[in-house]
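S.K.: Below is the sequence, then the predicted model.
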Amino acid sequence: VQLQASGGGLVQPGGSLRLSCSAFGLTLDRYAIGWFRQAPGKEREGFTCIGSNPGRTFYGDSVKGRFTISRDNPKNTVYLQMNSLNPEDTAVYYCAAAPNACPRRSSEYAYWGQGTQVTVSS
């Protein structure tokens, strides 16, 4: 089983990026998928999750109204659309999978992907 986060890069403040979380050996629509991020010197932050189909979504206050999580089941991929990015969004972004519903604790996620770097800077 392998999860892979991709799509990171350098973007100017106010810009947008779309991250992808793809899986090998795992059917993502059977899992809740969460996105986490960790900035240098800071704790890892879980900020959004989509439950297994039909998939309720949850957002933390730091990203609500700017980020959108969605699924493309035929592609076995979960997307994170990030708009209105600011320097505080700079971090390594990770996706993780948990059976069925979005967990309350990050320790309940069963699978973790390698991260992708997002840098917001002018």
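M.R.: Received, thanks.

S.K.: how close does Gln117 sit to Trp35?
M.R.: Counting by C-beta to C-beta, to the nearest Å, the gap from Gln117 to Trp35 is 14 Å. From N, CA and C alone the C-beta is placed, and that goes for glycine too.

S.K.: Looking at these two, which one has more neighbours?
M.R.: Trp35 (27 against 12; other C-beta atoms under 10 Å).

S.K.: For the residue nearest to the spatial centre of the chain, give me its contacts.
M.R.: Central residue check for the chain by C-alpha atoms, centre = their mean: the C-alpha nearest the mean position is that of Trp35, 2.7 Å away. For Trp35, the contacting residues are Leu19, Cys21, Gly46, Phe47, Thr48, Cys49, Ile69, Leu80, Tyr93, Tyr94, Cys95, Ala96, by C-beta atoms under 8 Å, 6 or more residues apart in numbering.

S.K.: And for Asn86?
M.R.: Pro13, Gly14, Val120.

S.K.: hmm, 7 Å instead?
M.R.: Pro13, Val120 (C-beta atoms under 7 Å, 6 or more residues apart in numbering).

S.K.: Please work out how many residues are found near Val11.
M.R.: There are 18 residues near Val11, going by other C-beta under 10 Å.
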